[in-house]
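Undergrad: Need a 3D model of the following:
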Amino acid sequence: YLIQSDTTVGFAAAEPEVLNRLKGRPEHQPVLQTLGSLHELAAQVRIPKFARKTVRHATKSTFIYHDGEARRVVFEGEYGFFLQRFGAHYSTSANPSGGRFDPVWAEAAADVVVTTPEGFGEHAASSIYRLTRRSLTQLR
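TA: The predicted model follows:
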């Protein structure tokens, strides 16, 4: 899918390898997983007690958990609705690896284009945090 996420225009797919192939990256490069609810997150990873409130109230924030996987829960907006309806998806920006967003390339590369009345637009990137069993460190 080519879709407007909560932070930027992105591709979403059920399998991360599809996104890596599409962007010309190594096939096993880690890809962000976006989820539509905290229940989905809790089923995948244990959140340390000291960070539960932070994770629960975080918006536009990506957390890299102790298993090395990056996950972001999206509650609001069209993308949040998409995730709640279709379940967790892997997500990446809609540009060739190392390049800038090109709407013509992105639409040609996508199987399905999900549009909104506002159209596509790039917004501020999400904050990134590394969450271990004992600490929370901001990376971006």
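Undergrad: Are we agreed that F11 is in a strand?
TA: Yes - assigned with DSSP: H, G, I helix; E, B strand; the rest coil, F11 falls within a strand.
Undergrad: In this model L19 seems to touch it, though I could be wrong.
TA: Yes - F11 lies in contact with L19 (C-beta atoms under 8 Å); the separation is 5.6 Å. C-beta: built from backbone N, CA, C; applies to glycine.
Undergrad: Distance from the chain centre to the helix ranked longest in the chain, please.
TA: What stands out as the longest helix in the chain, according to DSSP state H, is helix 77-86. Its chain's C-alpha centre and that of helix 77-86 lie 12 Å apart, by C-alpha atoms, centre = their mean, to the nearest Å.
Undergrad: got it, and stretch 59-69?
TA: Put simply, stretch 59-69 sits 10 Å off its chain's centre (C-alpha atoms, centre = their mean).
Undergrad: rewinding a little: between F11 and L19, which contacts overlap?
TA: 91-92 (C-beta atoms under 8 Å, 6 or more residues apart in numbering).
Undergrad: residue contacts, A110?
TA: Neighbouring residues of A110 by C-beta under 8 Å, 6+ apart: 1-2, 11, 94.
Undergrad: Pick the one among those residues closest to R134.
TA: Within these, the smallest distance to R134 is 34.4 Å, found for F11 (C-beta to C-beta).
Undergrad: Next, count neighbours for that closest one.
TA: F11: 24 surrounding residues under other C-beta atoms under 10 Å.
Undergrad: Per-residue pLDDT of it, please?
TA: With respect to pLDDT, F11 scores 95.
Undergrad: separation between it and P103?
TA: Counting by C-beta to C-beta, to the nearest Å, the gap from F11 to P103 is 13 Å.
Undergrad: sorry, back to before: can you tell me which of the contacts of A110 comes closest to F63?
TA: Set against F63, the nearest of the contacts of A110 by C-beta to C-beta is F11 (20.8 Å).
Undergrad: How about the contacts made by S37?
TA: S37 sits next to 73, 75, 83-84 when contact means C-beta under 8 Å, 6+ apart.
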